[in-house]
Each structure stands twice: as structure tokens, then as C-alpha cells.
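*Asks:* For reference, the sequence and a predicted model appear below.
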Amino acid sequence: MDKVLGIFQIGPVQEFISRSRKTQDFWASSFLLSYLISKAIEKVIEIGGELIYPYTNTENLSSLLQNTCTPIVPNRFVVELDKDKAVEALQEAEKSVKRELSNIANTIKGSIKIYSIPNSTSYIDKIFQRQVERFFEIYWIIYPLDNNYANSYKKAEIIFSGRKSIRDFSQIDEPGFKCTLCGEREALSDKEKASREEIRESWSKLRKLHKYEFNEKEHLCAICTIKRLYPKSIKECNEFDIGAPSTATIAVSPFLERLIENYKNRNIEKEKIEDFLRGLNEIENILDEGIEGRLLKKIRKKINNDDILKELNIDGTYFLKDTYDNLSTDHPEIKDKAEKIKNILGEFYKKLKEPSKYFAVIQVDGDNIGEEIGNLTSIDEHRKFSNKILNFSQKVLNIEDNFLSKVIYFGGDEGVIFAPLRDLLNIIEFIHDLFFNIVSSNGKPTLSFGISIAHYSHALQKIIEESRESLKRAKKIDGKYSLGFSLLKRSGETVEVAIKYKFDHISTIDFMKKIKALYEKDEISKRWWKDLYDDRLSFIGRDQELFKDIFISEVKRYFLRRVDKGIDPKPILKDIENFIGVIPIYNGFDIFMGIMEIIEFIYREE
């Protein structure tokens, strides 16, 4: 029987995922794509296809998705098919995706009972049908397999790239007021040509039905509504694993961990936590505002079955004093209660350190994976490599047990993780080491990272976009295998740095951790590198050949001025000298200063 290769993909991925206002939207978008592609894979296998990528020899991908409750299946697959069944198999896979999406859309549409006039449901139906049926793009090709697998696969990928470049296009009329999230599609309304006031009225009813799921001024289209409500319809996963904590919850998670540990050690009185929760519940009842949140897995484990601690399953914003100032301004009737809660939080802060308001988005992507696959000479080799990639993805999920973090998506060699600043450097190092232990052999392929650091109130779409741009800057470095950082300050200033992950034997992350440890032990003033920056004009612009020697000399001078006299500075000065010695000459000063600023910011704000 003649065999062919099939390549199948669902898109547009970036457009669908990036249009997210909440972490919940981002997670739901990723999970929905993973779920749909897993259903397509099931159908292809049912018709006799043999999966090449993603590949697992232990369990089917739907079970894997259900067991992890994390989007771990990439949005494309490669399959070996009998020639006479290939077209049927991929057509049926496409139908399976559309059928599953239609079922999900109908379930969510059925929960939107906002119809205010008789016989008005047909217009909601029209919006859903128009927007859902035309949103996802599904591409697939088949290509003959011959004895030269590497050549067949390369040609199949070339044809598939050509197919994707011919995008399916149909003129879509999206009348009326647009979705406040994506800004492209018509917002749901129970009336055709509805006025803005009529849309507000419809969405006011919807907010009452789906309490706390939609913000006051949100009017969403069918696609964005599906993203928002989809987690409620997922039945296969543990309810605690569905969705993602808010950006505020992620930012304050180290504080919450300290609070729990000190409560267990009896350094925080049970009565204080009860007073805090009682006051918060009173405010919730007055404002009719939801306070419940989603906690990180590591926090949930620490809470276990403690009745008091279980009540701390609240959104991270309510551990921040600023929240109560804002609530009191908008609702003067709660001012006294808010002040009492602020006083309790103040006592917690004195014992535990104030919670951070910053968090990080980590984008991870393999380097030259396509080139690595192109060197494989058989389907069996491709399957083995695919299994390594999937094994790596599964192991990455362990960071949620070891560190405060949330894996939003990790399909194949790419993924997105949200984390508080405290654990950021350790998480990057953990993922890097996993990849090199499981996937990489002889130093190839490699991995690059794009990291954006931002205040929890910063627009999530912007933070995600910055992490992607950071990853692009990292991959532009010769040889890739790099780190890109983007620090978004509340002042509007942005600090951008791109640097190799490793220079021979020198690891950038390891170096950053060593400098951060000096701050943690209070062995050096954080001013030392700022003094150096202020005096930069005295040595920048010198002869290129002499620049590094002068730079290293100045670094040592300013470092020794601010270091604790009780420690031996020679080891860390040697590390600094080695680090400066390997970074590029032409922009070495800017790279060093950027890294120093990011380290100091992480320490100060973690």
C-alpha cells in the first residue's frame, strides 16, 4: 500500500490567543485549540492514520490533555496515511474540529439567555453562526512518501507553507457596534441594528446571569464570549485545574505563601486572618462584588484541608491596600470597613514584607527545531524525536509543583508561563536544564526565552506582545540560544535587553542569580551599578580595544566602594570580570547596565 504524509493545522493561533483581557481568556484560548486538534488527531487515527508529530507511545492525546488540564497539544500534527484513505481522513478530521467547535458554541450560546423581546433569539443565532463558522482556518496537505523520508518531509513542509500563504478569504460584513475586546466583530445583542443603549441593556442582563465573568463595560462578540465562558463548560478536568489565576494573584503569590507558612508556624494569629476574611466578606455583601480567585497549584497544596486557609481562595487584588483605597473612593459607605482591613494588612506587611505588584510572562521557543527534524532520516527517528519533545512538555508542568507558576500553554517546543518575580530566574533555569537533558544532544537544538515583567494592572495584551517581541530580539542574536528581557515600568519607561543564555561556560541566569544573592544577603548596596551608570561618560567612547579593560576597572572600583567590608569580594569580582569579558564590545555597556537594572528590579519588587 502506497503511503503519504499528511500535515494538518488549525489557526489563526496568535490572533485568537493574544486577544485576551484576562489570564482566563489566554488559558481558555490555548486549551480550546489543544482540545480541537486532539479531536482531529483522534479522527485521523480512527481512520488508520499513524501519528508522527506530536507522538506519544503511552497514552492518547485527549487523555493527556484531560489528565494535565493544560494546553499541551500543539495546533498542528504530522501523520502517515494510506494513500487511498488520506483525503477522507483529513476531511473527516476537519469536520471533527468544526463539529466540536459547533457543540461548544451551542452550549455557550444556550447559556446566554439575554433575549428581552419575543422571537429575538434568531439574531443571536445569526451572529454566532457568522462569527464561529468563519473564524478558524484549517489547512492540510498530503504528499507522497518515498524511500528518502527526509526529502519527502522537506517537500511536504514546502507545499504546506505554500498552502498557508493562500489564505481562505471571504468578505465578512460585521455591522453594528464592535466587541470591546477584539474590536473587530459585532458585539452580541438580542436585536439587529441595536443602539448602544440596547446593547448595554442586553449585557447588563448577561452579567447578572454569569456573575463576575464580565466587566462592567464589556460587550463581547461570539468568539470572545466563547473564550470567556468556555472554562465553565469543561467537564473532563478537575475544577481546580481549570483556568488561570489573575495577574494580581500571580504577583502576590509569594506573599500569600509567606502568610500561610507563618500561620502554620503560629507567627500569624488565627484571629487576625478571621478578622481579615470577615471584613472582606462584609464588603463583598455590600458591593455584591465577587472576591473569589484561583490559586496557584503550589499554594493550593500548602492550604490542603485547613478550614481557615481554604477561605484565602480570593483574588490577589484583595491582599493589596490600594484596592481598598479605590473601593472607598467609589463606595464611601464601606470606608470604615476598608480601613480596618488595611490596618490588618499593614500588620501582615510588617511581619511578612509587602506583596509584590509585578509578575512575569515567559515565552519559550525551541531554536532550529525544523532544521533538526530535516536531518532525521526515517519516520521512526521523527517519532522518537517527537516523543522527546512531548516528554519535555510534560516535564515542564512540574514547575507548578516546584515553583509558584502557571503553565498557560506548552505544546511541543514552545510555551507560555506566568510567574511571580521571586521564582522567575529559577523557572527559566529549570526549563532550560530540562530541555538539554531530554531533547538536546551534543548541544543541539537549543532554546530561547522572551520575558516581559510588568505591573499586574498593565494591559495583558501589551504584556504578552512585549514577551513575544523580547523572544524575537533574543532569536536575532547570532546562534540564537538567548534571553530577551522587557521590563515595563509604571512610569512608562521600558528596559530592553537581549543576551546569549550561555557564553561557553558562563551562564547569564547563573550570573544574575549570584548578583541577586548579594542583595538578598545585604552584602552590597543596590546603588553600586547606578554610580557606575552616572559616571559612564568618563569611559564610554574610548578606544574599542581598551574599552573592556577600562570598563572592568571602573566596575571593580564602584563595586568595592559599596560592598560589605566583611566579605571577600574576589570571587564575585572574578565572575563580573568574566561576564563583561564575553558580552559583545559594541553594546556591552548597555547590556551590562540593562541586566543590572533587571536584577535589582526583581530583587526590589519580588
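*Replies:* It's in.
*Asks:* which helix in this protein runs the most residues?
*Replies:* Among the segments of the chain that qualify as a helix by DSSP state H, the longest is helix 83-110.
*Asks:* can you map out the strands along the stretch 401-550 of the chain?
*Replies:* For the stretch 401-550 of the chain, the strands defined by DSSP state E, counting those that start in this stretch cover 406-411, 414-420, 446-455, 482-488, 494-500, 502-503, 506-507.
*Asks:* For residue 140, what is the enclosing helix or strand?
*Replies:* Per DSSP states H and E: residue 140 is located in strand 137-144.
*Asks:* got the CA coordinates for that strand in PDB?
*Replies:* These are the backbone C-alpha positions of strand 137-144, laid out as PDB (Å, rounded to 0.1, in the frame of the first residue of the first chain):
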ATOM      1  CA  GLU A 137      -8.800  28.500   9.400                       C
ATOM      2  CA  ILE A 138      -8.000  24.800   8.800                       C
ATOM      3  CA  TYR A 139      -5.200  23.900   6.400                       C
ATOM      4  CA  TRP A 140      -4.000  20.400   5.400                       C
ATOM      5  CA  ILE A 141      -2.000  18.800   2.600                       C
ATOM      6  CA  ILE A 142      -0.900  15.300   1.600                       C
ATOM      7  CA  TYR A 143       2.400  14.400  -0.100                       C
ATOM      8  CA  PRO A 144       3.700  11.100  -1.400                       C
END
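*Asks:* That strand packs against which elements?
*Replies:* Contact analysis of strand 137-144 by 3 or more CB pairs under 8 Å, 6 or more residues apart in numbering; DSSP states H and E lists strand 3-11, helix 83-110, helix 149-165 as its packing neighbours. In this view, the C-beta of every residue, glycine as well, is placed from N, C-alpha and C.
*Asks:* Give me the pLDDT for residue 491.
*Replies:* Predicted confidence (pLDDT) for residue 491: 88.
*Asks:* tell me the phi and psi of it?
*Replies:* Taking degrees, to the nearest 10, you get phi -70, psi -10 for the backbone angles of residue 491.
*Asks:* go on, residue 123?
*Replies:* Main-chain torsions, residue 123, degrees, to the nearest 10: phi -70, psi -40.
*Asks:* ok so, going back, relative to residue 73, which of the helices and strands packed on strand 137-144 is closest?
*Replies:* Across the helices and strands packed on strand 137-144, the minimum distance to residue 73, taken as CB to CB, is reached by strand 3-11, at 10.5 Å.
*Asks:* The longest helix of the chain vs strand 3-11, what angle?
*Replies:* Using axes from the mean of the first three to the mean of the last three CA atoms, to 10 degrees, the direction of helix 83-110 lies 20 degrees away from that of strand 3-11.
*Asks:* Next one: residue 66 from residue 314, what distance?
*Replies:* With distances defined as CB to CB, to the nearest Å, the gap from residue 66 to residue 314 amounts to 28 Å.
*Asks:* Looking at these two, which is more packed in?
*Replies:* Neighbours per residue (other CB atoms under 10 Å) separate residue 66 from residue 314, with residue 314 holding more: 20 against 17.
*Asks:* Kindly tell me how buried residue 515 is, as a neighbour count.
*Replies:* 19.
*Asks:* which residue packs closest to it, ignoring adjacent ones?
*Replies:* Nearest residue to residue 515 in three dimensions, chain neighbours excluded: residue 599, at 5.0 Å (CB to CB, 6 or more residues apart in numbering).
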